[in-house]
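S.K.: Mind folding the following:
(chains A, B and C)
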Amino acid sequence: MSKTIMIVDDSASVRQVVSIALKGAGYDVVDACDGKDALTKLDGRKLHLIISDVNMPNMDGISFVKQVKAHPSYKFTPVIMLTTESAADKKQRGQEAGAKAWIVKPFQPQQMLAAVSKLVLP
Amino acid sequence: MSEAQVHSALCLEGELNIYCASETKMRLMEFLSRAEDPSLDLSAVTELDTAGLQVLILARQEAERMRKPLRFLNPSDSVRDVFDLCNLTVRFGDARGLESNS
Amino acid sequence: MNLDKAQQTFIEESRELLEAMEDALLTLETSPGDTDAINAVFRAMHTIKGAAGLFGLDHIVSFTHVAESLMDRVRDGELSVDDKLIALLLGCQDHIATLLEELAAGNETPDADLLTASTGLIAGLNLYLGESPVSDEAAPESPASASPGMGMGGAGVDQDTWHVSVRFDRDLLRNGFDPLSFVRYLGTIGTLVHVEVIDDAIPAGDEMDAEACYLGFEIRLAGALSKGDIESAFEFVQSDCTLTILPPNSQIGAYIDLIQDLPEDSARLGEILVACGTLTERELEEGLRIQFGGQEEPVDRGDVKPAQPLGEILVERELVQQELVDAALDKQRRTREAKTREARVIRIDAAKLDDLINLVGELVIAGSAAETLARRSRNRSLVEANATIGGLVESIRDSALRLRMVEIGETFNRFRRVVRDVSQDLGKEIDLVITGAETELDKSVVEKIGDPLMHLVRNAMDHGLESTERRIAAGKPAKGTLRLNAYHESGSIVIEIVDDGGGLDRARILAKAQERGLVQPGQTLSDHEIDHLIFEPGFSTAEQVTNLSGRGVGMDVVRRNIDALRGTIGLQSEPGVGTRVAIRLPLTLAIIDGFLVGVGDGYYIIPLDCVVECMKCDPAETSDKDYINLRGQVLPFLRLRDLFHIGGTPPRRQNIVVIQYAGQRVGLVVDYLLGEFQTVIKPLGRLLNHLRGFFGGSTILGGGEVAMILDVQELIRISVQREAGGAVESSPGKEQIDLV
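M.R.: Numbering: from 1, shown residues only, chains lettered A, B, ... in the order given. Next comes the predicted model:
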């Protein structure tokens, strides 16, 4: 049974690259372009991991994570946030919101896969 | 998760992970307190994570304390996978075995 | 994100890292245990590897990876640094530099030669990685437990199997992490030889919180891994777990330490380690026995709390480790300091800085113009306002120039490698001592000083320092010393290259100079004069032409280089004791404080640093003479009017400006003294190139007039030559200058 990962990022190219990489590694992928879109796409579906950008229009990554973590079906779902190194305070807020794992942008698809596979193997 | 009792065997079904770990723990404790020769049927477990594993270990420890050894039966692939990974197949399979009914 | 730009940054930052790596390697040569240096080398390889990965530069990644793994083991104390390893790593550093050059040149994939070089170096590194036994009894290829009963040698533990011990914080599961996934991940990067679940922390039924994490793992993991690889599996939970990684071949003592440090019962952990195959029963028994006070009889488990023996032994061992702990703390502190310092530094494109300095130069000129106008207007408040602005402009100028000031240390450090390599080539033992590394000078000067310095350093090693045998025969220490020193002195920087070699061979220099026709037979020269002959064009004394000092391109080239920087070079030598070469350079080439004078219709600027004093020129005393008596001393002077062939009649009262450079004084007879003037040096354009010699540059005055900046050195040279009886001889193209 393959594991499902949600990627939330406003950049279409990032979503594309990440999706291709994850699918190639054997994961199922759901993608969303911002926090709002992501919340509607949760739809009670089983997720093994959420990867979310921080800076997004409509609903940013941190608010999104807060809401997801408040949901009983997702409160224990691991979240990887994509961030730039300088965003220390964002990281702090993200941690509080419940995102405990971070990948620093820019990253190579391989790095992302390695990080993901530490949390969920396909 | 549903439960079926066959000769004081409890059948765990579906995901056995952190989302239902608390509930499963209560159910197991309750089951152990009344079962005479308890065994757990794990054939229908579709997912087992650390939280789930802990609950299974706890159940065995509690059972031992109550002096009624607990057997794990028919582990599903997901369960077997974790047991193998953690080298628990032998440990859980001692004496009365990690047996398949088939 | 533009990848080209990012790649450029990558190349630059990698070059810096490589430089740091070279420095560190050279440091390691003298102090092989220097943890800072070891970390610097590791960091260089690690960071370059990481960044190269982003650009898909696999050839760099794969190469740096091996070097990184090796340094990782050095860091862990598994490998010690020796000369061979340093040489190998220096080779690696060079190689990566070459790969970067290729990349900078647009070749992303290296050619066959480079790949061959890579393969060779990687093989060399792997050799080290392969034979990295803690004990000397190396048998890397035999994983089977060697000779049971070997006791504490560590030989009983399989060769390339790691032991990973991890306990997690209670909140881990709630945070969304599943420890099993980390174990599974380890299984993807290595082979899980044995995994033991530690469930001792699970409390009794009622107290157990099903969402808390109670489990820990003892894992034996096989594979060609670095400690970093294993650590990375736990990267997301670094602060939420207690992780101990014991490398292959760890001493039994390390396992015993682990047992002591873990929360579980020692005997139970011992069993677990035996179950993992990490330890044999015998090793465990012996280890624990030694741990528990060295008693011969097995420890009575009843009297666990072995309060006295265990505690003391731990303390004893801790004492041994105290230095290590201190070192680690110290290292951390320094890393932190370096980091904060790094964070305070901004990188700026040098061209932007040059633009700024140019603008400041224009500002200085415009400021002078405004000040002149203000003075003419005789409006006092305007003059005052202008003076304030002038003061600020001056501060801005100073700050702007300081931006370009760099420490000379970096330039000096480059020679550590040169000295090392050359001393090996020559078979001489040479110590390089660097002092004054923090002395600052303008980047533009630093850039141009490298070649002359290189020449001087090589010369000192090649000709100055004697061979080891000769040194010993002369009763000197076998190891020669070469010193590089720098300090500031009256607006200049002085750079010294000092060796404790044999000094100049004056007889040979004189003979050679006579043979070359530089000195007439019978002419008597002072020692100082003889020494300076080596700066004459075409002079080279090397009996044996080596590949280092080149052939014939001797010290004259060095002098010309220094001259071009408006500097001077001097030399002192004492037979049998050594030679000291001192280079004196202006701190900056861009702006000077000048002293403005007028001759005829022209304006001239004398660098203010060189001006000693001004005085009225007494026609009675100066007519028909080219010297005056200045407070009892003879002061030769030059009439700029004559020198520059300026026609017209001089004013009745002329002035003498006394200038001094490098210890020599000359008077310059000028028409008018116009006062101090901040001057931005504009290089002489090609049109005015024929003026080079008298002038170091030109500048624009506030009123738009051009003023020539006098080349004080050249003027002093002319004067000295004259004094020596020679005709005023100047280089070709310098005569017959008519200035309008």
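
S.K.: contacts, neighbours, all on C-alpha from now
M.R.: Noted.

S.K.: Only C-alpha atoms, please: export stretch C:376-384 in CSV.
M.R.: As requested, the backbone C-alpha atoms of stretch C:376-384 are provided in CSV (Å, rounded to 0.1, in the frame of the first residue of the first chain):
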residue,chain,number,x,y,z
ARG,C,376,37.1,84.0,-2.8
SER,C,377,33.6,85.2,-1.9
ARG,C,378,35.0,86.2,1.5
ASN,C,379,31.6,85.3,2.9
ARG,C,380,32.6,84.0,6.3
SER,C,381,29.6,81.8,7.0
LEU,C,382,29.9,80.3,3.5
VAL,C,383,33.5,79.5,4.2
GLU,C,384,32.6,77.9,7.5
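
S.K.: Following element in sequence after the lowest-mean-pLDDT helix or strand in chain A, please.
M.R.: Counting by mean pLDDT, DSSP states H and E, chain A has its least confident helix or strand at helix A:88-97, which shows a mean of 71. Where DSSP states H and E defines the elements, the next helix or strand beyond helix A:88-97 is strand A:101-104.

S.K.: Can you spell out which helices and strands pack onto the strand or helix carrying C:Ile389?
M.R.: Secondary structure from DSSP H and E places C:Ile389 in helix C:380-403. Helix C:380-403 makes packing contacts with helix C:350-377 when contacts are defined by 3 or more CA pairs under 8 Å, 6 or more residues apart in numbering or on different chains; DSSP states H and E.

S.K.: Could you tell me which residues of the stretch 201-350 of chain C lie near chain A?
M.R.: With the criterion set to CA under 8 Å from any CA of the partner chain, the stretch 201-350 of chain C comes near chain A through C:Ala233, C:Phe234, C:Phe236.

S.K.: after the helix holding C:Ile389, next one along is what?
M.R.: As assigned by DSSP H and E, the chain's next helix or strand after helix C:380-403 is strand C:405-407.

S.K.: now what about that following strand, what contacts it?
M.R.: C:Ala437, C:Glu438, C:Thr439, C:Glu440, C:Leu441, C:Asp442, C:Lys443, C:Val446 (CA atoms under 8 Å, 6 or more residues apart in numbering or on different chains).

S.K.: Bridged to C:Val634, which residues?
M.R.: C:Val634 has these beta-bridge partners by DSSP bridges: C:Asn629.

S.K.: Tell me, how many residues neighbour it?
M.R.: C:Val634: 12 surrounding residues under other CA atoms under 10 Å in any protein chain shown.

S.K.: Helices along chain A, start to end?
M.R.: Under the criterion DSSP state H, chain A contains helices at A:12-25, A:35-42, A:61-70, A:88-97, A:109-119.

S.K.: Please spell out which residues along stretch A:51-68 are buried.
M.R.: The neighbour-count criterion (16 or more other CA atoms under 10 Å in any protein chain shown) identifies A:51-56, A:59-68 as the buried residues of stretch A:51-68.

S.K.: ok, now stretch C:571-587?
M.R.: Quick answer for stretch C:571-587 (16+ other CA under 10 Å): C:571-574, C:576, C:578-587.

S.K.: just the residues you listed now: which is nearest chain A?
M.R.: Of all the buried residues of stretch C:571-587, chain A sits closest to C:Leu587, with 37.5 Å by CA to the nearest CA.

S.K.: Go ahead and confirm the closest one touches C:Asp442.
M.R.: Yes. Shown here, C:Leu587 and C:Asp442 form a contact pair, counting by CA atoms under 8 Å, at 5.8 Å.

S.K.: where does C:Leu484 land on pLDDT?
M.R.: At C:Leu484, the predicted lDDT confidence score is 93.

S.K.: chain center to the helix holding C:Ile389, what's the gap?
M.R.: Its chain's C-alpha centre lies 35 Å from the corresponding centre of helix C:380-403 when counted by CA atoms, centre = their mean, to the nearest Å.

S.K.: what's stretch C:420-438 in contact with?
M.R.: With CA under 8 Å, 6+ apart as the criterion, stretch C:420-438 contacts C:407-410, C:412-413, C:416, C:419, C:458, C:461-462, C:466-468, C:478-487.

S.K.: What of stretch A:110-120?
M.R.: Taking CA under 8 Å, 6+ apart as the rule, stretch A:110-120 contacts A:3, A:18, A:21-22, A:25, A:48-49, A:78, A:103, C:177-178, C:181-182, C:184-185, C:233-234.

S.K.: please redo it, this time with the cut-off set to 7 Å
M.R.: Stretch A:110-120 is contacted from outside by A:Leu22, C:Phe177, C:Asp178, C:Ser181, C:Phe182, C:Tyr185, C:Ala233, using CA atoms under 7 Å, 6 or more residues apart in numbering or on different chains.

S.K.: which of those has the most neighbours?
M.R.: Among the contacts of stretch A:110-120, C:Phe177 has the most neighbours (other CA under 10 Å), with 25 neighbours.

S.K.: So for that one, what's the nearest residue that isn't a sequence neighbour?
M.R.: Excluding its sequence neighbours, the residue lying closest to C:Phe177 (CA to CA, 6 or more residues apart in numbering or on different chains) is A:Pro78, at 6.1 Å.

S.K.: Spit out the contact partners of that neighbour.
M.R.: Residues near A:Pro78 by CA under 7 Å, 6+ apart: A:Leu49, A:Ile50, C:Asn175, C:Gly176, C:Phe177.

S.K.: Also C:Ile122?
M.R.: C:Ile122 makes contacts with C:Phe63, C:Val66, as judged by CA under 7 Å, 6+ apart.

S.K.: try it again with 10 Å
M.R.: Going by CA atoms under 10 Å, 6 or more residues apart in numbering or on different chains, C:Ile122 touches C:Ser62, C:Phe63, C:Thr64, C:His65, C:Val66, C:Ala67, C:Leu88, C:Cys92, C:Thr116, C:Tyr128.

S.K.: out of the contacts of strand C:405-407, which are inside helices?
M.R.: Per DSSP H, the subset of the contacts of strand C:405-407 in helices is C:Lys443, C:Val446.

S.K.: Can you tell me which of the contacts of strand C:405-407 are classed as buried?
M.R.: Among those, the ones that count as buried by 16+ other CA under 10 Å are C:Ala437, C:Thr439, C:Glu440, C:Leu441, C:Asp442, C:Lys443, C:Val446.

S.K.: want to try a markdown table for these, with pLDDT as columns?
M.R.: Shown next, in a markdown table, are the buried ones among the contacts of strand C:405-407 (pLDDT from 0 to 100):
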| residue | pLDDT |
| --- | --- |
| C:Ala437 | 88 |
| C:Thr439 | 86 |
| C:Glu440 | 85 |
| C:Leu441 | 84 |
| C:Asp442 | 83 |
| C:Lys443 | 81 |
| C:Val446 | 84 |
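
S.K.: between those residues, which is nearest C:Asp355?
M.R.: In terms of CA to CA, no member of these lies closer to C:Asp355 than C:Lys443, at 14.2 Å.

S.K.: Up against chain B, what does chain A have?
M.R.: Residues of chain A lying near chain B by CA under 10 Å from any CA of the partner chain: A:Met1, A:Pro72, A:Ser73, A:Tyr74, A:Lys75, A:Phe76, A:Thr77.

S.K.: anything in stretch A:97-104 near chain C?
M.R.: Yes. Counting by CA under 10 Å from any CA, chain C is contacted by stretch A:97-104 at A:Gly98, A:Ala99, A:Lys100, A:Ala101, A:Trp102, A:Ile103.

S.K.: Please identify the helix or strand for C:Ala87.
M.R.: In the assignment (DSSP H and E), C:Ala87 maps to helix C:83-104.

S.K.: what's the distance between that helix and the middle of its chain?
M.R.: 17 Å.

S.K.: Who are the packing partners of that helix?
M.R.: helix C:3-30, helix C:35-54, helix C:58-75, helix C:112-130 (3 or more CA pairs under 10 Å, 6 or more residues apart in numbering or on different chains; DSSP states H and E).

S.K.: do that again at 7 Å, thanks
M.R.: Using 3 or more CA pairs under 7 Å, 6 or more residues apart in numbering or on different chains; DSSP states H and E, the elements in contact with helix C:83-104 are helix C:3-30.
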